[in-house]
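1. please work out how this folds:
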Amino acid sequence: MESPPVFISGDEVKRLLRYADLIPRLEAALAVLSGPGDSGVVQPVRSIIPLRNHNGFMGLMPAYMEAEGILCTKMVCFYKRGADSALPSTQATVLLLDPEYGNVKAIIDGHVITDMRTAATSAISAKYLMPAQAEVLAILGTGRQALSHYNVFTEIFSFKEVRVWSRTMERAEAFSRSVAGPVKACVSVEEAVKDADAIVTVTRSTEPILFGKWIKPGAHVAAVGACRPDWREMDDALMREAVVYVDSRESATVESGDVILSGAPVFAELGEVLNQTRPALREKTTVFKSLGLGIEDAVSAKLVFDQWEA
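-> Numbering: from 1, shown residues only. Presented below is the predicted three-dimensional model:
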């Protein structure tokens with residue numbers, strides 16, 4: 001007899017999910033996805049339904065990983081909010097299914113999974129593409145993703161300085177007070193990114209806010225916002241001068257305004273770097289355009305469920 005699905009709350013996910021466990025699983029999944037031949041991974045590009053009355057979208061992100069026996073889908077709603085809006089910019093729920101029976105095994109709050117798997121993937125990109133002696137980290141944005149990126153980047157790497165920018169100085173200062181380590185709140189994007197070795201963009205921007213003329217040669221940018229084909233965070237100069245890596249070529253050519261509108265060529269998928277079939281050009285200015293993949297949610301959900309069962 002099939003058991004009813006369990007519900008795992010965001011607080012439980014936060015307790016169960018650790019970057020030390022998650023990062024190796026994400027690396028393995030990305031490597032499989034970008035590997036040669038039949039990977040046994042089925043992951044269509046995110047299906048999008050516009051929510052016209054609410055200036056938002058609902059995305060469906062199914063994934064099946066044959067060898068691992070993981071069947072999963074995430075439902076995520078995301079919105080183009082005004083800078084002063086108090087409403088959340090994203091809401092997410094993850095369903096983990098039994099691939100043999102087809103029943104739902106777990107309904108998992110998707111907020112923490114989304115925050116952590118996205119930040120962990122950015123950290124993987126930095127691990128391979130960031131300058132070897134990175135000292136300065138800049139974070140553009142102060143929302144949930146900014147916090148998760150701060151947490152994983154400061155857990156894994158040793159920066160001498162961390163800077164943060166938001167559209168209001170009040171938010172930047174509030175963020176700097178909310179985290180454990182010292183953070184410098186910056187009044188402008190240019191101030192935040194000047195001479196930075198690693199830059200994380202986690203904003204609601206639909207027009208470029210980060211310009212190539214401000215970027216230190218050899219810096220690494222992990223770009224997370226702007227997940228629609230007409231949304232941007234980076235200008236043409238940055239996109240065309242940098243070596244561009246993505247999580248998925250297929251997704252980037254359909255969903256990323258930064259890639260589509262700039263016409264910048266995609267050099268490699270991150271999984272190809274992990275497979276060593278494409279080089280990590282650490283000495284160059286690099287951009288990792290992250291759109292988020294169903295397999296990232298799938299391995300995260302499976303890890304949470306296994307930890308919950310244990």
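2. drop to CA atoms for contacts and neighbour counts, all remaining ones
-> Will do.
3. contact partners of the helix or strand where Ile295 lies?
-> Following DSSP states H and E, one finds Ile295 within helix 294-309. Residues from elsewhere that reach helix 294-309, judged by Cα atoms under 8 Å, 6 or more residues apart in numbering: 13, 16-17, 22, 25-26, 29, 43, 46, 61-65, 70-74, 94, 96, 106, 108, 113-114, 117.
4. again, but for stretch 11-25
-> So stretch 11-25 is contacted by 108-109, 112-113, 116-117, 120-121, 124, 152, 299-300, 303-304, 307-308 (Cα under 8 Å, 6+ apart).
5. Glu269: how many residues sit nearby?
-> By other Cα atoms under 10 Å, the residues close to Glu269 number 25.
6. same deal with Pro99?
-> Residues near Pro99, counting by other Cα under 10 Å: 16.
7. could you verify my assumption that it touches Glu68?
-> No - counting by Cα atoms under 8 Å, Pro99 sits too far from Glu68 to count as a contact (10.3 Å).
8. contact partners for the nearest residue to Ile209 once chain neighbours are set aside?
-> Distance criterion Cα to Cα, 6 or more residues apart in numbering; nearest residue to Ile209, sequence neighbours excluded, is Glu233 at 5.4 Å. Shown in contact with Glu233 (Cα under 8 Å, 6+ apart): 201, 203, 205-210, 223, 225-226, 258.
9. what subset of those is buried?
-> Buried positions within these, assessed by neighbour count (16 or more other Cα atoms under 10 Å), are 201, 203, 205-206, 209-210, 223, 225-226, 258.
10. which ones among those lie within helices?
-> Counted as lying in helices by DSSP state H, out of these, are Asp258.
11. which one of the buried ones among the contacts of Glu233 sits closest to Leu137?
-> Thr201 (11.1 Å; Cα to Cα).
12. any idea which helix is longest in this structure?
-> Max-length helix for the chain by DSSP H is helix 110-129.
13. and that helix, how far out from the chain's middle?
-> 5 Å (Cα atoms, centre = their mean, to the nearest Å).
14. and what of stretch 218-235?
-> 11 Å.
15. any idea how far apart the tips of that stretch sit?
-> Start-to-end span of stretch 218-235 (Cα to Cα, to the nearest Å) is 17 Å.
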